[in-house]
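# Starting from these lines, generate the structure:
(2 chains)
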There are 2 protein chains.
Amino acid sequence: MSEVDPGGMGGPVLVIGTGLIGTSVALSLRRAEVDVLLSDVDEPALREAVEMGAGRRVDESDVPAIVVVAVPPRHASRVLADASTRFPRATLTDVTSVKERVIRQAVEAGADPTRLVGGHPMAGREVSGASGGRADLLDDRLWVVTPLEGSGIEHVRQVHRLVSACGAYPVEMTLADHDAAVALVSHTPQVLASVLAAQLADSDQDYVRVAGQGLRDMTRIAASNVPMWSDILAANAGPVADVLDGIVARLQQTSAALREGAAERMAADPRVERVLAAGVAGQRMIPGKHGAAPSAYREVSVMLADRPGELGRLFGAAAEAGVNLEDVRIEHVLGRPSGLVDISVRPDVGEELIAALLERGFDVRS
Amino acid sequence: MSEVDPGGMGGPVLVIGTGLIGTSVALSLRRAEVDVLLSDVDEPALREAVEMGAGRRVDESDVPAIVVVAVPPRHASRVLADASTRFPRATLTDVTSVKERVIRQAVEAGADPTRLVGGHPMAGREVSGASGGRADLLDDRLWVVTPLEGSGIEHVRQVHRLVSACGAYPVEMTLADHDAAVALVSHTPQVLASVLAAQLADSDQDYVRVAGQGLRDMTRIAASNVPMWSDILAANAGPVADVLDGIVARLQQTSAALREGAAERMAADPRVERVLAAGVAGQRMIPGKHGAAPSAYREVSVMLADRPGELGRLFGAAAEAGVNLEDVRIEHVLGRPSGLVDISVRPDVGEELIAALLERGFDVRS
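Take a look at the predicted model:
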């Protein structure tokens, strides 16, 4: 062992699977000067990752301190079990987006549960392959770490070191909590978006012409990779079905309340109001940037002329005023650009930004 | 009658109700030099609209060519019927977001069906009151026009002239088609967003920490005005319940397929794949800006440092290159800004933009 041990992991890290996430993990570890070993059954993918500087090919004499399994979910359990046999002292982890099924099946297949600590980096861009890998893909991302009850504390610590060396933030959860969480915040929303968009495909094409920004937001993730999502949903089927059933129950109650209200010509229904109010409360719970609630920002709306350079002029003005923009949204209107730009800034600089924009002749709407 | 007749409507336009939409209609008509009469039961709102230059108070001697009813949905039918009696030759229209119930009840209450042509301008910002009114709020917006079977052709033409004078684009639909369309593209997505967000409020708070951009997009409109939406849903209850029931059926099929697959440890289920694929197809149907499909744009991703001025520098660079931006999205990551900006441009200027950004040292990702 060399005297220097970047990352403090006591040896090299073997990354098995040089797709988008595996290559990104490897590149970020190399950036931290960790010794990285690579393997992939797909020889061109492995060659590409090596050429990108993601690490060196693993050989018979290598003894990794940590093995990171970054293969497709359906192969992860077997590869974890094989790695456990081949490297009888290494910490074992993975990066699959579903944990209970993958980790349980790995243990059933022979992976040593004392050395197995699952993981899931929350890095969500939808490009694939080694060539999409980036050293900074995991920077500042949440990385869920799922120890088993029997996981040795030293192996849990190793995975925390790995996560930190990649520039991400470790958050510990149980396998079941992780799967329920991603079912709620990621997998079920994907199903809802797909079902809503599917409803459009079944409808009168003219109806879709009146679509606005709300529908566009609600269906954006429906433009997804079908085989990948089909695999994810199958692997997390139980938790997703549980959330779906809760949503179905609420939708049925809402539909029934609407039909009863329609029959009685009621102006409004308290049950429908309760669903809407619960939605307002739930929406406020979602963390914004910097972990702050979305409502923590001041929104400033500006009407722009639709010509080249107006957005540049707007953001240039904000920069001159020394105001950092937390979020930017451009309103879309069917058939035409509306030119309405919503800018979110910290509340304490809102007035400053408005003054700077008015001074430069912008049409500020709030 | 004066010799000049801006807008070609043959007389003044009376706007009843000087809230956001009524005042905006009035201001855009004034911009086109149309003679505008105003009335509102709310005296301060009326005074404000007059002071903003939206028109003059209607008096006993005025004879409007068109009456535009822009009062809250629950009052619209009665106000249309009253206007029909008071102005026995005027064209009658409204701006409410639900048509079948409002227009049928207006006719039942005595409005002349030969002169009644409903309308719904698709202007969606959620600010309210006369003070929020803008002469350009309706510019380039779609404005659905809903003639009755018995509507006189001259009255339909009058409403088209009104819409054009406001800077909007008329699109004719039947009452039922309008209500089914807005149920599909606006009212049901609102219920879905509220129900999904309500599900978060019922869940373990730690789960919501792993939320990403997808969930944020899917729940944004859940942060809505509860009484306003409760009224809208009540007024369009039947069509919304119909769409909800279709979505519930698909969600139940998906949930059942997932549970069966889980029981049989299947890798994926063809029924789930079909829902996902139908979602991809439906999402592609939604018009983008300029009426083009979303996929018609080239997306360029740029990783920015999180410091004041970087967005300004980015858009300044695009402006210098003479490239107009069609859309801008900033990625959000829990706890930290990611600094990843997705820019959509016309495909023919994509390479030009990338070259200009690389030349200025930007970290271009696509």
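# so who does A:Glu351 touch?
Residues near A:Glu351 by Cβ atoms under 8 Å, 6 or more residues apart in numbering or on different chains: none. Backbone N, C-alpha and C define where each C-beta goes, glycine included.
# buried stuff in the helix or strand containing it?
Secondary structure assigned from DSSP states H and E places A:Glu351 in helix A:350-359. Across helix A:350-359, burial judged by 16 or more other Cβ atoms under 10 Å in any protein chain shown covers A:Gly350, A:Leu353, A:Ile354, A:Ala356, A:Leu357.
# got the contact list for A:Val36?
Contacts of A:Val36 by Cβ under 8 Å, 6+ apart are A:Pro12, A:Val13, A:Leu14, A:Val15, A:Ala26, A:Leu29, A:Arg30, A:Ala54, A:Gly55, A:Arg56.
# ok, 7 Å please
A:Val36 makes contact with A:Pro12, A:Val13, A:Val15, A:Ala26, A:Leu29, A:Arg30, A:Ala54, A:Gly55 under the criterion Cβ atoms under 7 Å, 6 or more residues apart in numbering or on different chains.
# Same question for A:Ala181.
Going by Cβ under 7 Å, 6+ apart, A:Ala181 touches A:Met173, B:Tyr207, B:Val210.
# one step back: could the contacts of A:Val36 go into TSV alongside secondary structure and distance to B:His178?
Converted to TSV, the contacts of A:Val36 look like this (DSSP: H, G, I helix; E, B strand; the rest coil; distance: Cβ to Cβ, whole Å):
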residue	secondary structure	distance to B:His178
A:Pro12	coil	65
A:Val13	strand	60
A:Val15	strand	56
A:Ala26	helix	56
A:Leu29	helix	58
A:Arg30	helix	59
A:Ala54	coil	56
A:Gly55	coil	60
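# which of those sit farthest apart?
Using Cβ to Cβ, the two most remote members of these are A:Pro12 and A:Ala54, lying 13.0 Å apart.
# Determine which member of the two has the greater number of neighbouring residues.
Between A:Pro12 and A:Ala54, counting by other Cβ atoms under 10 Å in any protein chain shown, A:Ala54 is the more crowded of the two (25 against 22).
# how many neighbours does the residue nearest to that one when sequence neighbours are not counted have?
Spatial nearest neighbour of A:Ala54, chain neighbours left out: A:Ala26 (3.8 Å); criterion: Cβ to Cβ, 6 or more residues apart in numbering or on different chains. A:Ala26 has 31 neighbouring residues, counting by other Cβ under 10 Å.
# Go ahead and confirm A:Ala26 touches A:Val15.
Yes - the pair A:Ala26 / A:Val15 is scored as a contact, 4.7 Å apart, by Cβ atoms under 7 Å.
# what about the host helix or strand of A:Leu314, near chain B?
Element membership of A:Leu314, judged by DSSP H and E, is helix A:310-320. Yes - for helix A:310-320 and chain B, the contact criterion (Cβ under 7 Å from any Cβ of the partner chain) is met by A:Leu311, A:Gly312, A:Arg313, A:Phe315, A:Gly316, A:Ala318, A:Ala319.
# tell me which of these is nearest to B:Leu233?
A:Leu311 (36.0 Å).
# count of neighbours near that closest one?
If you count neighbours by other Cβ under 10 Å, A:Leu311 ends up with 26.
# so who does it touch?
Going by Cβ under 7 Å, 6+ apart, A:Leu311 touches A:Leu304, B:Phe315, B:Leu325.
# So it versus A:Phe362, what's the distance?
Here A:Leu311 is placed at a distance of 11 Å from A:Phe362 (Cβ to Cβ, to the nearest Å).
# Inside helices: which ones of the contacts of A:Ala181?
Residues of the contacts of A:Ala181 located in helices (DSSP state H): B:Tyr207.
# Does anything pack onto the strand or helix carrying A:Leu92? Which helices or strands?
Here A:Leu92 sits within strand A:91-94, counting by DSSP H and E. For strand A:91-94, the packing partners by 3 or more Cβ pairs under 7 Å, 6 or more residues apart in numbering or on different chains; DSSP states H and E come out as strand A:66-69, helix A:73-86, strand A:117-121, helix A:153-165.
# Quick check, the residue in the stretch 101-250 of chain A closest to chain B?
Taking Cβ to the nearest Cβ, chain B has its nearest neighbour within the stretch 101-250 of chain A at A:Ser194, 2.9 Å off.
# and stretch A:196-204, which residues are buried?
Residues of stretch A:196-204 classed as buried: A:Leu196, A:Ala197, A:Ala198, A:Gln199, A:Leu200, A:Ala201, A:Ser203 (neighbour count, 16+ other Cβ under 10 Å).
# Do any residues in that stretch lie close to chain B?
Yes - judged by Cβ under 7 Å from any Cβ, stretch A:196-204 and chain B are in contact via A:Leu196, A:Ala197, A:Ala198, A:Gln199, A:Leu200, A:Ala201, A:Ser203.
# residues in contact with the first one?
In this case it means A:Leu196. A:Leu196 touches A:Met218, A:Thr219, B:Pro189, B:Leu192, B:Ile247, counting by Cβ under 7 Å, 6+ apart.
# mind checking which helix or strand it is in?
helix A:188-201.
# Kindly provide the whole-number mean pLDDT of that helix.
The pLDDT scores in helix A:188-201 average 94.
# just to revisit the earlier point, tell me how far the helix holding A:Glu351 lies from the chain's centre.
Centroid separation for helix A:350-359 versus its chain: 34 Å, with Cα atoms, centre = their mean, to the nearest Å.
# Same question for stretch A:149-162.
Put simply, stretch A:149-162 sits 23 Å off its chain's centre (Cα atoms, centre = their mean).
# in that stretch, what counts as buried?
Of all the residues in stretch A:149-162, those buried under the rule 16+ other Cβ under 10 Å are A:Ser151, A:Gly152, A:His155, A:Val156, A:Gln158, A:Val159, A:His160, A:Arg161, A:Leu162.
# What residues does the stretch 51-200 of chain A have near chain B?
Counting by Cβ under 7 Å from any Cβ, the residues of the stretch 51-200 of chain A close to chain B are A:74, A:122, A:124, A:136, A:140-142, A:144, A:169, A:180-182, A:184-186, A:189-200.
# repeat that for 6 Å
Contact residues, the stretch 51-200 of chain A versus chain B (Cβ under 6 Å from any Cβ of the partner chain): A:74, A:122, A:124, A:140-142, A:181, A:184-185, A:189, A:191, A:194-195, A:197-200.
# secondary structure class for A:Gly361?
Under DSSP: H, G, I helix; E, B strand; the rest coil, A:Gly361 falls in the coil class.
# wait, A:Ile232
A:Ile232 - assigned by three-state DSSP - is helix.
# tell me the pLDDT at it?
Looking at A:Ile232, its pLDDT stands at 88.
# Kindly report the same for A:Ala281.
86.
# wait, isn't it in contact with B:Gln199?
No - assessed by Cβ atoms under 6 Å, A:Ala281 is found out of contact with B:Gln199, at 11.3 Å.
# where does the stretch 1-150 of chain A have low pLDDT?
A:1-3, A:124-127 (pLDDT under 70).
# Strands of that one, start to end?
Applying DSSP state E, counting those that start in this stretch to the stretch 1-150 of chain A gives strands spanning A:13-16, A:36-39, A:56-57, A:66-69, A:91-94, A:117-121, A:142-147.
# And for the stretch 251-366 of chain A?
Taking DSSP E, counting those that start in this stretch, the strands of the stretch 251-366 of chain A run over residues A:298-303, A:327-333, A:336-345, A:363-364.
# From the contact counts, what lies against the first one?
I take that to be strand A:298-303. On a contact count with 3 or more Cβ pairs under 6 Å, 6 or more residues apart in numbering or on different chains; DSSP states H and E, strand A:298-303 meets strand A:336-345, helix A:350-359.
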